[in-house]
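Visitor: Sequence first, predicted model second:
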Amino acid sequence: MSFHVSSMGLTRAISEALREIQVDLFRGPGPHRLHHYTKAPIVESIIANRALWATCLADQADQTEVSHTAALVTQLAENLALSSNPFSRDVLRRLPFFMEERKQWIFIACFCDDDNSPLHWSGYGDYCLTFPAPWTSTPSLTLGDSQSECWYQRIVYDEEVQRQAIERALRAITSALEQNTRGQNEGPWAGTMVDSCARNAAQLLLGIAVGFKRSDFRGEREWRIVCAPRLGNNYSAPDWIDEKFSVNIKKSPRSHVLLHISRPQGFLMPLLTPSIPFLSWTWNPHRYREDEVQRINSALISNHRADLSVSS
């Protein structure tokens, strides 16, 4: 029997199932403001560029969390593969490879819901920038490209909840594969079809995995903005989708994309200078550095935002 994939149906089924898991994981009331702790030169750069970096997941110094999730996917996928049809089995076994490969296309910016966190003052920098959350009426940070997806999510620290979510996601992927394929996957394009399906599923899994951290870090109370290329269906050219997204990526000194405050759509809007993205800022109450504060205030005044300057 010849092999058939309901490509749009499969992409939609996996996407809807995994996004439902994301909603269940990260549901609940969110803060009206999110806070980003950093150092003075970074604050000056954010003012000058009117943007905040979202850094590539593959360039993060600590890969422990994603590696842990990938190992969990490997273990659970192999268990499911044993009772799956050959095509589903092959896709499940390719997921860990594509989770590693798709890391270079996932970008994150990190925040906290506490505007005076001793942990963040000591670990991240002496300056706290306050940003609007997207569920308020205030325009918020986004990538602003139709070829991208950009969303906010709270971090989940409960490791049993994480495991249950990954197992649920893999079962949903398996179910979608078996409901949207028929026949034997044979011939010269067999491997391509497996990889295409695994690539999309792996990117969606990463969208869940970037919301996980070990319970030891619960005190961080972290939120993230996550950006990634939009998914194509399983017949679309994945390299073309990545190429369209890649115009957003800056390579120096680390791979990143620039997040700006969202603006209304309009003919002249792309020509307008973006807003300075934060609503307010403050410094570590236990470590005031006058020269740095003066430089930040000067940068704000030079960029026509004297209203954001702060005095001691």
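Guide: Yes, it's here. The shown structure was predicted, so the numbers you read here are calculated from the model rather than taken from an experiment.

Visitor: The residue nearest the centre of the chain and residue 141: what is the separation?
Guide: Centroid check for the chain by Cα atoms, centre = their mean gives residue 226 as the closest residue, at 2.0 Å. Distance, residue 226 to residue 141, using Cβ to Cβ, to the nearest Å: 12 Å. Heads up, the C-betas are built off the backbone N, CA and C, glycines and all.

Visitor: circling back to that earlier point, quick one: the residue nearest to the centre of the chain and residue 219, what's the gap?
Guide: 22 Å.

Visitor: tell me the SS of the residue nearest to the centre of the chain?
Guide: Classification of residue 226 by DSSP: H, G, I helix; E, B strand; the rest coil places it in strand.

Visitor: Next up, the contacts around it.
Guide: 54, 106-108, 150-153, 207, 210-211 (Cβ atoms under 8 Å, 6 or more residues apart in numbering).

Visitor: and with 7 Å instead?
Guide: Taking Cβ atoms under 7 Å, 6 or more residues apart in numbering, we find residue 226 in contact with 106, 108, 151, 153, 207, 210.

Visitor: cool, and residue 129?
Guide: The contact partners of residue 129, by Cβ under 7 Å, 6+ apart, come to 35-36, 38, 43, 278, 281.

Visitor: Could you rerun that using 8 Å?
Guide: So residue 129 contacts 35-38, 43, 46, 278, 280-281 (Cβ under 8 Å, 6+ apart).

Visitor: try residue 172
Guide: 14, 17-18, 21.

Visitor: Let me know the pLDDT of it.
Guide: Predicted confidence (pLDDT) at residue 172: the value is 94.

Visitor: Can we start the residue count at 43 from this point?
Guide: New numbering, starting at 43: the last item is residue 214.

Visitor: mind listing the strands for the chain?
Guide: Ranges of strands within the chain are 46-47, 75-80, 94-98, 149-154, 169-174, 183-184, 190-196, 223-224, 264-271, 298-303, 322-325, based on DSSP state E.

Visitor: Residue 233: which of those strands is closest?
Guide: Closest of the strands of the chain to residue 233 is strand 46-47, at 13.7 Å (criterion: Cβ to Cβ).

Visitor: which strands and helices sit next to that closest one?
Guide: Strand 46-47 sits against strand 223-224, with contacts defined as 3 or more Cβ pairs under 8 Å, 6 or more residues apart in numbering; DSSP states H and E.

Visitor: Pull up the pairing partners for the strand it packs on, direction included.
Guide: strand 46-47 (antiparallel) (DSSP bridges).

Visitor: how distant is the partner strand from the center of its chain?
Guide: Centre-to-centre, strand 46-47 and its host chain are 31 Å apart (Cα atoms, centre = their mean, to the nearest Å).

Visitor: re earlier: top of the contacts of residue 214 by neighbour count?
Guide: Greatest neighbour count in the contacts of residue 214, by other Cβ atoms under 10 Å, goes to residue 56: 26 neighbours.

Visitor: What about the contacts of residue 214, which are in helices?
Guide: 56, 59-60, 63 (DSSP state H).

Visitor: What's the mean pLDDT across stretch 111-130?
Guide: pLDDT averaged over stretch 111-130 gives 89.

Visitor: give me every residue that touches the closest residue to residue 131 other than its chain neighbours.
Guide: Closest residue to residue 131 apart from its sequence neighbours, by Cβ to Cβ, 6 or more residues apart in numbering: residue 123 at 4.2 Å. Shown in contact with residue 123 (Cβ under 8 Å, 6+ apart): 130-131, 134-135.

Visitor: Quick check: pLDDT value at the residue nearest to residue 246 when sequence neighbours are not counted.
Guide: In space, not counting the residues next to it along the chain, residue 246 is nearest to residue 60; the distance is 4.3 Å by Cβ to Cβ, 6+ apart. For residue 60, the model assigns a pLDDT of 91.
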